[in-house]
Each structure stands twice: as C-alpha cells, then as structure tokens.
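**Student:** coordinates only, sequence not included:
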DNA sequence: ATAGTATTTAGATATTTGTCTAAATATACA
DNA sequence: TGTATATTTAGACAAATATCTAAATACTAT
C-alpha cells in the first residue's frame, strides 16, 4: 500500500493515470503529453508499475501502458476506514 | 489535493490518522505511541494540519488533535474518477 | 517570580526523489 | 546487415524529506 501512496504522490504520475483513463497509450505517446524528458517519464511509469497502478504490455517495438484499478480499491477501503471515525 | 497525497505518503502519518480515528489525542499522547522524537511527530502533525486532515485545538497547556475527514472525500472522488475507465 | 510540563521552532544531516544527458537494449525495415 | 525508432538503464545532481538535538514559547502551579 505504501507503494501506491508513493506513486500517487506526484502530479505528473497522477496526470498519467488520468490520461490512461481515456485509453491505453504507448510510452512515447505519454511522453508527448509532457514537457519532461523520456527517461523521466519512463521512471514515473516504473513507479506506477511497481505500485501495480499500470500494466505494461509489449507489442513489437512499442510498449503499451494501461490502467489497473484493482489497487485503487485497497486505498479506498483504507480511506473509508479513516472516515468512519468512532467519536 | 497535492498536500493531501503528500500527507498520506508516510506510514507514520497514516498511523497517526488511524489513532485519531479512535479518539482525539494531545500531541504528547501521540508521541507516546511512537519511537520517534517529539519534534519529528510535531512536524508530521504540521503536515497533516496543512493538508487539513487534522485539526488542532489548544486547551490550556495541551493541544488536542482530531481528524477532519472532509478532505478525504476529495481524494475518494478523484480515485473513483480514475476507476471509471473509459475503455 | 520560578520551576516544571507541553509543544513547537531552528538548524543540521543523511536519505530519497525528480530531473537531466548519454549510453544500452530491443525491434522494425530496407 | 545496417540504420532508424522506441524505450529503458546508468550515473550525476539539485531539491525535498524525515529525523535528530538544542533552544524557544506558552501555560500551570507552587
């Protein structure tokens, strides 16, 4: 869970997730959406992958990234627990 | 929202939130629950306060900290949006 | 006033993080 | 086979972060 919070704690990474909500994209397509270098985006994608928030699938020359929202449930569960204050 | 994700991105701070779920506590009571120094906890409480995840109220010599879960809704909303993938 | 308790602020330090450029790897195609 | 394209890995560096001790502030009570 730590990895997920860590992954979410960056505006660029959150924006990547929002992009992938629309459709799956290749690393290059994602890079185009930002003013940040390819390697930096690659690093962000790696952190998102570690958190299992995205899935990477190789197709020939390209790598397609897609959202994996199952991890989000875990976070929501935790947040709901916090919201159910006892006093 | 950035501040909230930042505040949540630390195990100690998340544990503080879990403690405050049970009951309001003074800074000193919170410190007792950890092996970390008072000033460090004070710093964590400050970040939680900046994120508006906790509220601090002075009562004489003590400062009572309590949960404020209204900010959590904002995060949940964002997460739900991510979960509603288009494809 | 003075001493004691509660908490924060200041300043230092080691670690982590986000970014970059250059190089490495992998695939496509002519 | 050789060149172009897609992406990652390596290494460097500045900025942010978590922690500490020492000092400052604020309140209580003798």
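**Tutor:** Okay, I see it. Keep in mind it's a predicted model, so treat the numbers as computed, not measured.

**Student:** would you list the phi and psi of residue A:57?
**Tutor:** Per-residue torsions, residue A:57: phi -130, psi 130 (degrees, to the nearest 10).

**Student:** apart from its chain neighbours, what residue comes closest to it?
**Tutor:** residue A:64 (5.0 Å; C-beta to C-beta, 6 or more residues apart in numbering or on different chains). To be clear about C-beta, it is placed using only N, CA and C from the backbone, and glycine gets the same treatment.

**Student:** so what's that neighbour up against?
**Tutor:** A:24, A:25, A:26, A:56, A:57, A:58 (C-beta atoms under 8 Å, 6 or more residues apart in numbering or on different chains).

**Student:** swap in residue A:57?
**Tutor:** So residue A:57 contacts A:63, A:64, A:66 (C-beta under 8 Å, 6+ apart).

**Student:** ok, it to DNA strand D distance?
**Tutor:** 10 Å (C-beta to the nearest atom of the strand, to the nearest Å).

**Student:** quick one, phi/psi of residue A:28?
**Tutor:** Dihedral angles (degrees, to the nearest 10) for residue A:28: phi -60, psi -40.

**Student:** list the contacts of it.
**Tutor:** Per C-beta under 8 Å, 6+ apart, neighbours of residue A:28: A:38, A:62.

**Student:** quick one: which helix or strand includes residue A:64?
**Tutor:** According to DSSP states H and E, residue A:64 maps onto strand A:62-67.
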